[in-house]
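Peer 1: Kindly generate the corresponding structure for this input.
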Amino acid sequence: MIQILLSVVGAAAGIVSMVSLYFWLVFANGVVTGDGGMVSFTQTVAPHMYESLSSSQKLLIHARDYFIVIGGAIGWLSFFALFAMTARPWNRLPRVVIGGCVVGVVAAAVTAMPIHAMSMVFAMPPVLAVSALLLRAYLAVPDAERGRILL
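Peer 2: Prediction:
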């Protein structure tokens with residue numbers, strides 16, 4: 001029963017995460033080409049607010065955008081690696097994959113700052129999917145006689 005429940009939760013979170021991946025790719029493309037990100041949004045929606053920011057605040061906004069892009073890339077690569085290794089128990093998962101998932105979760109949390117409904121809709125599905133996959137790996141128990149993973 002637990003295996004079925006974890007499979008359904010993992011599949012649903014994975015499908016919803018594909019939508020988040022699409023919007024992250026759009027955001028990353030905008031940041032890299034200079035056509036998007038928070039700086040462009042702030043200049044378009046509230047130019048008077050952007051002009052009143054100091055240069056260090058503008059630098060922090062740019063750094064946030066690039067952290068979301070780089071941390072998101074690391075997180076998405078780790079997410080797909082974790083998805084491919086989901087049948088492994090916790091002690092057999094490479095620490096690089098777990099570390100990359102942590103970086104991706106932090107990047108998703110930074111994406112959701114400041115907290116509002118639309119940012120949470122796109123940031124939370126990958127975090128929930130990674131949590132479900134890590135939970136599945138943590139609950140997996142190796143069967144020594146057959147060399148298979150049982151839940």
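
Peer 1: name the helices or strands packed onto the helix or strand where Lys58 lies?
Peer 2: Taking DSSP states H and E as the criterion, Lys58 maps to helix 55-84. When contacts are defined as 3 or more Cβ pairs under 8 Å, 6 or more residues apart in numbering; DSSP states H and E, helix 55-84 packs onto helix 2-33, helix 37-45, helix 95-111, helix 117-139. C-beta coordinates here come from the backbone N, C-alpha and C atoms, glycine included.

Peer 1: Compare those and report which one is nearest to Tyr66.
Peer 2: Among these, the nearest to Tyr66 by Cβ to Cβ is helix 2-33 (6.7 Å).

Peer 1: Just the mean pLDDT for the closest one, thanks.
Peer 2: For helix 2-33, mean pLDDT is 78.

Peer 1: Low-confidence ranges, this protein, go.
Peer 2: 2, 6, 9-10, 13, 36-45, 86-87, 113-122, 140-151 (pLDDT under 70).

Peer 1: and Asp35, what does it touch?
Peer 2: Contact partners of Asp35, counting by Cβ atoms under 8 Å, 6 or more residues apart in numbering, are Asn29.

Peer 1: which SS class is it?
Peer 2: coil (DSSP: H, G, I helix; E, B strand; the rest coil).

Peer 1: For the helices and strands packed on helix 55-84, give me a markdown table that also has distance to Ile74 and mean neighbour count.
Peer 2: Formatted as a markdown table, the helices and strands packed on helix 55-84 follow (distance: least, Cβ to Cβ, whole Å; neighbours: other Cβ atoms under 10 Å):
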| stretch | distance to Ile74 | mean neighbour count |
| --- | --- | --- |
| helix 2-33 | 12 | 15 |
| helix 37-45 | 18 | 15 |
| helix 95-111 | 5 | 18 |
| helix 117-139 | 12 | 18 |
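
Peer 1: give the contact list for Ala84.
Peer 2: Counted by Cβ under 8 Å, 6+ apart, Ala84 has zero contacts.

Peer 1: same thing but at 10 Å, please
Peer 2: Contact analysis of Ala84 by Cβ atoms under 10 Å, 6 or more residues apart in numbering lists Val97.

Peer 1: Next one: it relative to Ala132, how far apart?
Peer 2: Taking Cβ to Cβ, to the nearest Å as the measure, Ala84 falls 15 Å from Ala132.

Peer 1: re the thing from before, looking at the helices and strands packed on helix 55-84, which is nearest to Ile68?
Peer 2: helix 95-111 (5.3 Å).
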